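Asker: Curious how this folds, go ahead:
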Amino acid sequence: MQYPTQLKALASFPITEEVVNLKPIGNGHINDTFGVVVKTPQGAQLKYVLQRVNDSIFQDVDTLQSNLFAVTDHIRHKLEQKGVSDINRHALTFFKTKEGQTYTRQDGAVWRLSLFIEGSKSYDAVTPKLAYEAGKAFGDFHTMLSDIPEGKLGETIPNFHNMTFRLQQLRDAVATDKAGRLSEVRELVDQLLQRAEKMTIQDRLYADGKLIKRTNHCDTKVNNILFDEKTDEVLCVIDLDTVMPGFVLSDIGDFIRTAVNTGEEDDENLDHIQVDMEIFKAYTRGYMEEAQKFLTPLEISLLPYGGRLLTYMQTVRFLSDYLNGDTYYKTHKPKHNLIRSIAQFEFLRRLEDKQEEMDAFMQQWL
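Answerer: Down below sits the predicted model:
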């Protein structure tokens with residue numbers, strides 16, 4: 001069998017079954033993931049997921065793993081209170097090593113182990129029906145974690161959705177103009193900076209004690225939800241590496257940014273970029289069915305703002321990277337980060353056009 005480092009990592013965990021195969025699974029861009037096939041009375045069976053954590057991205061592995069165990073333990077406790085059967089299919093299960101550690105380090109790499117959820121599938125394309133189910137799934141996820149007190153979880157990526165920080169990165173990129181590209185994008189920079197004050201509203205509301213930080217997923221795409229492959233029932237939310245404290249607007253906003261846009265993130269035909277209000281409404285209905293019980297009226301009223309905020313933030317991040325010479329995001333064609341910036345800014349403008357309609361839609365929960 002290949003993968004000697006992976007086998008050494010597996011040996012650190014209390015697996016009693018005979019390992020008969022290892023195979024790469026998934027298509028993640030950050031971590032390397034392997035399915036672990038073991039011998040059971042029923043025959044060879046994919047039972048575990050072994051993952052190499054990319055510690056160049058997640059540099060504080062202790063905080064990352066502490067968050068994972070705290071969140072999954074909290075969810076399991078809530079599911080037990082609800083009387084949910086087969087909890088191992090409705091919550092991720094991570095294992096500690098034989099020494100009681102949350103991960104093992106082998107040959108310079110960080111490894112963790114979890115239980116494979118059998119009979120599950122995920123989707124990439126978003127329909128109104130899937131948007132509604134995604135809304136319910138993330139609403140339930142937020143609700144179960146809403147009583148985790150601020151301060152219990154750490155930031156796995158510091159300042160990940162900190163708008164003030166991202167704006168400072170843009171201002172620094174403008175000031176240094178490392179790649180000599182500022183003259184090309186000056187108009188876009190000016191339009192972004194003109195919006196800076198209204199795009200940091202949540203920071204001021206937090207400073208005034210009017211908004212609180214909650215437990216966020218920070219990557220609320222539909223493909224981070226597992227469904228039962230036979231019944232299409234939502235099983236659980238996955239990919240918890242970026243679960244950390246933040247404003248609930250970020251999670252709502254990230255789904256709006258990625259799923260409500262009819263175009264691509266880097267669409268060069270700006271006519272493709274429109275706001276799919278049916279997706280927005282379906283997701284919001286599903287989300288509010290679950291989350292209304294803990295959200296404040298201010299948070300509810302600001303949910304559409306979250307979409308504009310995250311779209312603006314991503315525009316700022318792409319443009320900052322373009323000005324810095326494309327040092328953060330992988331690019332696949334000339335001026336890719338500029339193309340992304342223009343496409344995201346176009347979607348922001350479309351969302352601004354829909355602001356009144358989106359705000360009016362939220363009135364039914366206020």
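Asker: for the closest residue to residue 3 other than its chain neighbours, helix, strand, or coil?
Answerer: Leaving out its chain neighbours, the residue that sits closest to residue 3 by C-beta to C-beta, 6 or more residues apart in numbering is residue 22, at 4.9 Å. Quick note: C-beta positions are derived from backbone N, CA and C, even for glycine. Per DSSP: H, G, I helix; E, B strand; the rest coil, the secondary structure class of residue 22 is strand.
Asker: State the distance from residue 22 to residue 101.
Answerer: 21 Å (C-beta to C-beta, to the nearest Å).
Asker: out of those two, which sits in the more crowded spot?
Answerer: residue 22 (18 against 14; other C-beta atoms under 10 Å).
Asker: From residue 11, how far off is the more buried one?
Answerer: According to C-beta to C-beta, residue 22 stands 12 Å off from residue 11.
Asker: circling back: beta partners for the residue nearest to residue 3?
Answerer: Applying DSSP bridges to residue 22 yields these beta-bridge partners: residue 36.
Asker: The one 10 residues further on now?
Answerer: Beta-bridge pairing of residue 32 under DSSP bridges involves residue 52.
Asker: Count the residues that sit near residue 153.
Answerer: Residue 153 is flanked by 23 other residues according to other C-beta under 10 Å.
Asker: Tell me the secondary structure of it, please.
Answerer: Applying three-state DSSP: residue 153 is coil.
Asker: quick one: it and residue 225, what's the gap?
Answerer: On the measure of C-beta to C-beta, residue 153 and residue 225 end up 21 Å apart.
Asker: Show me the shaky parts of the stretch 1-150 of the chain.
Answerer: 1, 27-29 (pLDDT under 70).
Asker: for it, what spans make up the strands?
Answerer: Here the stretch 1-150 of the chain has its strands, by DSSP state E, counting those that start in this stretch, at 18-24, 32-40, 43-53, 94-95, 104-106, 109-115, 120-121.
Asker: Strand partners (parallel or antiparallel) of the fourth one?
Answerer: Which is strand 94-95. Sheet pairing of strand 94-95 (DSSP bridges) gives strand 109-115 (antiparallel).
Asker: in the strand it pairs with, what's buried?
Answerer: For strand 109-115, burial by neighbour count (16 or more other C-beta atoms under 10 Å) applies to 109, 110, 111, 112, 113, 114.
Asker: Can you show me the CA trace of that strand as CSV?
Answerer: What follows is strand 109-115, C-alpha atoms only, in CSV (Å, rounded to 0.1, in the frame of the first residue of the first chain):
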residue,chain,number,x,y,z
ALA,A,109,2.6,17.4,8.3
VAL,A,110,-0.5,17.9,10.5
TRP,A,111,-3.1,15.1,10.3
ARG,A,112,-6.6,14.6,11.8
LEU,A,113,-9.2,11.8,11.5
SER,A,114,-12.9,11.9,11.3
LEU,A,115,-15.8,9.4,10.6
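Asker: what's in contact with it?
Answerer: Residues outside strand 109-115 that contact it (C-beta atoms under 8 Å, 6 or more residues apart in numbering): 5-6, 9-10, 12-13, 15, 36, 47-53, 55, 61, 65, 68, 88, 92-95, 102-105.
Asker: Figure out how far it is from the centre of its chain.
Answerer: For strand 109-115, the gap between its own C-alpha mean and the chain's C-alpha mean amounts to 20 Å (C-alpha atoms, centre = their mean, to the nearest Å).
Asker: And the helices in the stretch 1-150 of the chain?
Answerer: For the stretch 1-150 of the chain, the helices defined by DSSP state H, counting those that start in this stretch occupy 4-10, 61-82, 128-145.
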